[in-house]
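*Asks:* Quick one, fold the following:
(one chain, ligands or ions: 2)
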Amino acid sequence: MENIYPIFDTILSREDKQKLLKQRAIVVWMVGLSGSGKSTLARALENTLHEEGYLTQLLDGDNLRVGLNNNLTFSEEDRKENIRRAAETAKLFMNAGLVTICSFISPVEKVRQRAREIIGEGYTEVFIECPLEVCEQRDVKGLYAKARKGEIPDFTGISAPFEAPTSADITVNTAEQTLEESHQILVQQILDRIKY
Ligand SMILES: Nc1ncnc2c1ncn2[C@@H]1O[C@H](COP(=O)(O)OS(=O)(=O)O)[C@@H](OP(=O)(O)O)[C@H]1O
Ligand SMILES: Nc1ncnc2c1ncn2[C@@H]1O[C@H](COP(=O)(O)OP(=O)(O)O)[C@@H](O)[C@H]1O
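*Replies:* Numbering: from 1, shown residues only. Ligands and ions are numbered 1, 2, ... in the order given. Next up, the predicted model:
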């Protein structure tokens with residue numbers, strides 16, 4: 001890029017901020033179909049980590065899409081841009097020392113790979129595994145019914161692709177586990193990674 005001079009050697013590093021906060025900063029990147037349990041588990045994880053004394057930040061697809069990403073649709077190109085912006089934002093929070101919990105469908109390997117590259121060391125992929133049939137049966141927001149009727153274009157799993165991650169760092173299966181079981185697995189796995 002021309003005439004742009006980013007400063008990378010800031011006086012305070014991520015390490016300095018981690019030291020102050022006495023925690024290791026990572027990005028917990030939750031991947032899964034709509035209704036798989038991303039938001040529920042992300043919120044529960046954030047609450048538990050907060051109670052344990054960790055400074056956290058939650059970034060959620062629906063929330064970012066009403067603000068920072070409010071000009072983006074669900075086309076392939078716009079999802080790519082959605083994830084790029086989300087990953088750049090997550091990286092800023094991580095570099096400030098926070099345990100950053102991200103909840104985005106992130107439907108295809110190519111966009112997840114991009115998020116992994118942007119965030120770098122600390123990117124921790126969590127697959128919230130749940131078969132489409134179960135997500136559709138839950139239909140928490142009534143979106144699957146609308147998508148089946150053709151009222152929502154490009155709906156993930158119905159009329160837009162979802163590629164299950166093959167290289168996730170952590171997987172929970174919300175069709176086979178209770179909410180409490182999935183939550184406990186996540187808390188234990190994440191605490192191991194953020195203890196200073
Ligand atoms: N077409 C289509 N496909 C999928 N999802 C849709 C769509 N339209 C709206 N929604 C709502 O948007 C939420 C997903 O946004 P994300 O930013 O996470 O999606 S993506 O990562 O860019 O694919 C998703 O939230 P979750 O249910 O929490 O996943 C839906 O509430
Ligand atoms: N093991 C589990 N983990 C997370 N959610 C679960 C689990 N079992 C059942 N659920 C239910 O599944 C639904 C998931 O919805 P939500 O968290 O909004 O999904 P998403 O954010 O992926 O769209 C919630 O109603 C939640 O109570």
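*Asks:* what's near enough to touch the residue of the chain found nearest ligand 1?
*Replies:* When scored by CB to the nearest ligand atom, the chain has G61 as its residue closest to ligand 1, at 2.3 Å. Every residue, glycine included, has its C-beta placed from N, CA and C. Applying CB atoms under 8 Å, 6 or more residues apart in numbering, we find G61 in contact with N82, A86, S103, F104, I105.
*Asks:* where are the low-confidence patches of the protein?
*Replies:* Low-confidence segments of the chain (pLDDT under 70): 9-10.
*Asks:* residues in it within reach of ligand 1, list them.
*Replies:* 34-35, 38-39, 61-62, 65, 74, 79, 82-83, 104-107, 141, 143, 152, 154-156 (CB under 6 Å from any ligand atom).
*Asks:* Residue of this structure nearest ligand 2, please.
*Replies:* Counting by CB to the nearest ligand atom, the chain gets nearest to ligand 2 through G37 (2.7 Å).
*Asks:* for stretch 28-38, which positions count as buried?
*Replies:* By 16 or more other CB atoms under 10 Å, the buried positions in stretch 28-38 come out as V28, W29, M30, V31, G32, L33, S34, G35, S36, G37, K38.
*Asks:* Return the distance of that stretch from the chain's centre.
*Replies:* Offset of stretch 28-38 from its chain centre (CA atoms, centre = their mean, to the nearest Å): 7 Å.
*Asks:* Report the backbone C-alpha coordinates of the longest helix belonging to the chain in CSV.
*Replies:* Criterion DSSP state H: the longest helix present in the chain is helix 76-95. What follows is helix 76-95, C-alpha atoms only, in CSV (Å, rounded to 0.1, in the frame of the first residue of the first chain):
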residue,chain,number,x,y,z
GLU,A,76,-19.6,-15.4,-0.6
GLU,A,77,-17.6,-12.2,-1.1
ASP,A,78,-19.3,-10.4,1.8
ARG,A,79,-18.9,-13.3,4.2
LYS,A,80,-15.2,-13.3,3.3
GLU,A,81,-15.0,-9.6,4.1
ASN,A,82,-17.1,-10.1,7.3
ILE,A,83,-14.6,-12.6,8.6
ARG,A,84,-11.6,-10.5,7.5
ARG,A,85,-12.9,-7.5,9.5
ALA,A,86,-13.8,-9.8,12.5
ALA,A,87,-10.3,-11.3,12.5
GLU,A,88,-8.6,-7.9,12.3
THR,A,89,-10.8,-6.7,15.2
ALA,A,90,-10.1,-9.9,17.2
LYS,A,91,-6.4,-9.4,16.7
LEU,A,92,-6.5,-5.9,18.1
PHE,A,93,-8.3,-7.1,21.3
MET,A,94,-5.8,-10.1,21.6
ASN,A,95,-2.9,-7.8,21.2
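*Asks:* I'd like the next helix or strand past that helix.
*Replies:* Using DSSP states H and E, the helix or strand that follows helix 76-95 in sequence is strand 99-103.
*Asks:* How about residues contacting that next one?
*Replies:* Counting by CB under 8 Å, 6+ apart, residues outside strand 99-103 touching it are 23, 25-30, 38-39, 42, 45-46, 49, 54-61, 86, 90, 93-94, 190, 194.
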